[in-house]
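Enquirer: 3D model of this:
(one chain, ligands or ions: 1)
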Amino acid sequence: MSAQKKRASRTSSRAKPKARVKKKQAPKTARKKKAAPKRSVKKVAKKSVKKSLPLAKNRVTPKEPEFEPRKKSKKKNIASVRGMRDILMRDQRYWQWFLNVAKGITEQYGYSEIETPIVEDAQLFKRSIGDTTDLVQKEMYEFDDQSGDRIALRPEGTAGIVRAYVEHGMLNMPQPVKVYLAGPMFRYERPQSGRFRQFHQFNVEVLGSESPVMDAETILIAHTILKELGIETSIQVNSVGSPEARAEYNKVLKTYLKTHKSAAVKEALERYSKNLLRILDSKDPEIQSILEEAPQLIDYLDDDCRAHFVSVLEHLDELDLPYTLNPRIVRGLDYYNRTAFELWHGDTEETRQSALGGGGRYDGLVEKLGGRETPACGFALGIERIIAILRQEKTSPPKSDEPLVYLAQIGDNSKKRALKLFEQLRSQGIPIIGNLAKDGLRQQLEIANKKGAKFAVIVGQKEMIDGTVLIRDMESGIQETVVLENIEKELEKRLKKA
Ligand code: AMP
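Expert: As a prediction, this is how the structure comes out:
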């Protein structure tokens, strides 16, 4: 199907106003105040005398001296910083699941992991993302460190990766260099559902290739990661062309907007005066409806950019990927050119507000950061938003199909033997799991079941004396006594059959 045919159906759905989030009330700690330990009058008197505090009759607690009035003790607990969240133990299985899937697929396509520092020279982001973007002007955590250097917490991952590419001479490696990065990003945004001040992204970047097949590959990888997790997404794709095409389009768009003499347009023209293209991203319903009839950037692409875009779309067609041409996908950052895309869970304007990921081409960035001319493209997925959908849709991470063995013990004496046995089996490569902090057998077997263990090794009091242990088949419940020395062999035999 041609690009023209697939031109985005201009949606008239209005953007939902941002949901207001109720201020989360810190859970009241309902802990009762501990009663003061009873102290003998004698002891108190002795202490009080030592401190020369006056002692009232029949009082065990010494009275505070008058010159030091007791302040009401308001023990205010320190909470996490607004917009920053803990990733608790119960969340970890989702995180591991996401990372395993994302890294697994990306590595299959020949990408290697890279890590860059969270803290970078603030100039890096100003130069790459753009000095006038909201991301840099309003949302970046930026400050002077103790030596007066202006630094910033990374608001996105691409700039750091490109800096590393230039700094470590990756320009001289076989091209393209394909990397992925998973880690926290920081943006001082208004926290709300699916929007945090510390959040995590999974970035995939290809540096050193202009080929449209790389654009298609990155789109495919992003889509496949989500599909593998059971999340259906629509790919919203556009081309933002070259800087020259954008400059020309800016003029045309401005002329068009000026024909609408509304206050909203006047305000938007002022607000986006430094980069009018960002108006296409506006959430104002009036602007959105005016934009429906606006000329489209895609009609102003030069021949090279147009041919590149058509080729990207042909690859997507070949892959049967569900994409929509969306002229309003312009991405907020200065470094993008040509392909720009986002992944939405659904196909409406509402889902636009909570895109699961986005990316595109940034052919000029390496050069802007001091390297030689190097075409590049990539994307970032928002991990929190993806996990929120997995939870909403009650999709659970798959259980490991490795036949695990759970080590359970009964009584303090057995713990000693169990600890030694655990390490012995672990070091021999038996897939042993357990928790020596647990006591009751029933509780331990429940955990074994939950973890999907095939067998449990039980070290009980009687077995301790006999020099044996029990092997329990978790499915049938059948238990067999085996001599402690043979445990490894016995387990290996059973695991082979499992
Ligand atoms: P962006 O670089 O802004 O396109 O972000 C890429 C993806 O990161 C988005 O599609 C979101 O899934 C996620 N993301 C961006 N900002 C936030 C945020 N403040 N909180 C949570 N996730 C975010």
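
Enquirer: what's the neighbour count on residue 368?
Expert: Other residues near residue 368 come to 15 when the count uses other Cβ atoms under 10 Å. For every residue, glycine as well, the C-beta is placed using N, CA and C.

Enquirer: by proximity to the ligand, which residue of the stretch 251-400 of the chain wins?
Expert: residue 382 (2.0 Å; Cβ to the nearest ligand atom).

Enquirer: beta partners of that residue?
Expert: On the basis of DSSP bridges, residue 382 is bridged to residue 201.

Enquirer: residue 284 is in contact with residue 262, correct?
Expert: No. Using Cβ atoms under 8 Å, residue 262 makes no contact with residue 284, being 10.3 Å away.

Enquirer: in the stretch 201-350 of the chain, which spans are helices?
Expert: For the stretch 201-350 of the chain, applying DSSP state H, counting those that start in this stretch gives helices covering 212-228, 243-258, 263-271, 285-291, 303-319, 349-352.

Enquirer: turn the ones you listed into a markdown table, including distance to residue 278.
Expert: Output for these, formatted as a markdown table (distance: least, Cβ to Cβ, whole Å):
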| stretch | distance to residue 278 |
| --- | --- |
| helix 212-228 | 22 |
| helix 243-258 | 11 |
| helix 263-271 | 9 |
| helix 285-291 | 11 |
| helix 303-319 | 19 |
| helix 349-352 | 15 |
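
Enquirer: who wins for proximity to residue 378 among those?
Expert: helix 212-228 (5.8 Å; Cβ to Cβ).

Enquirer: what packs against that closest one?
Expert: Judged by 3 or more Cβ pairs under 8 Å, 6 or more residues apart in numbering; DSSP states H and E, the packing partners of helix 212-228 are helix 89-108, strand 198-207, strand 234-239, helix 303-319, strand 337-344, strand 357-361, strand 376-382.

Enquirer: save the ones you listed as JSON lines, and put in mean pLDDT, mean neighbour count and distance to residue 400 too.
Expert: As requested, the helices and strands packed on helix 212-228 are exported to JSON lines (pLDDT from 0 to 100; neighbours: other Cβ atoms under 10 Å; distance: least, Cβ to Cβ, whole Å):
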{"stretch": "helix 89-108", "mean pLDDT": "96", "mean neighbour count": "15", "distance to residue 400": "10"}
{"stretch": "strand 198-207", "mean pLDDT": "98", "mean neighbour count": "23", "distance to residue 400": "22"}
{"stretch": "strand 234-239", "mean pLDDT": "96", "mean neighbour count": "24", "distance to residue 400": "32"}
{"stretch": "helix 303-319", "mean pLDDT": "97", "mean neighbour count": "17", "distance to residue 400": "31"}
{"stretch": "strand 337-344", "mean pLDDT": "96", "mean neighbour count": "25", "distance to residue 400": "28"}
{"stretch": "strand 357-361", "mean pLDDT": "97", "mean neighbour count": "25", "distance to residue 400": "27"}
{"stretch": "strand 376-382", "mean pLDDT": "98", "mean neighbour count": "25", "distance to residue 400": "24"}
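
Enquirer: quick one, domains of this structure?
Expert: Per automatic domain parsing, the structural domains of the chain span 39-72, 89-242+301-392, 405-497.

Enquirer: what's the first-to-last distance across the last one?
Expert: Using Cα to Cα, to the nearest Å, the span of domain 405-497 from its first residue to its last is 13 Å.

Enquirer: repeat for the longest one
Expert: Using Cα to Cα, the span of domain 89-242+301-392 from its first residue to its last is 18 Å.

Enquirer: and for stretch 166-181?
Expert: 17 Å.

Enquirer: how about residues contacting stretch 396-407?
Expert: Outside of stretch 396-407, the residues within contact range by Cβ atoms under 8 Å, 6 or more residues apart in numbering are 93-94, 96-97, 418, 421-422, 425, 430-434, 444-445, 447-448, 451-457, 459, 474, 491, 495, 498.
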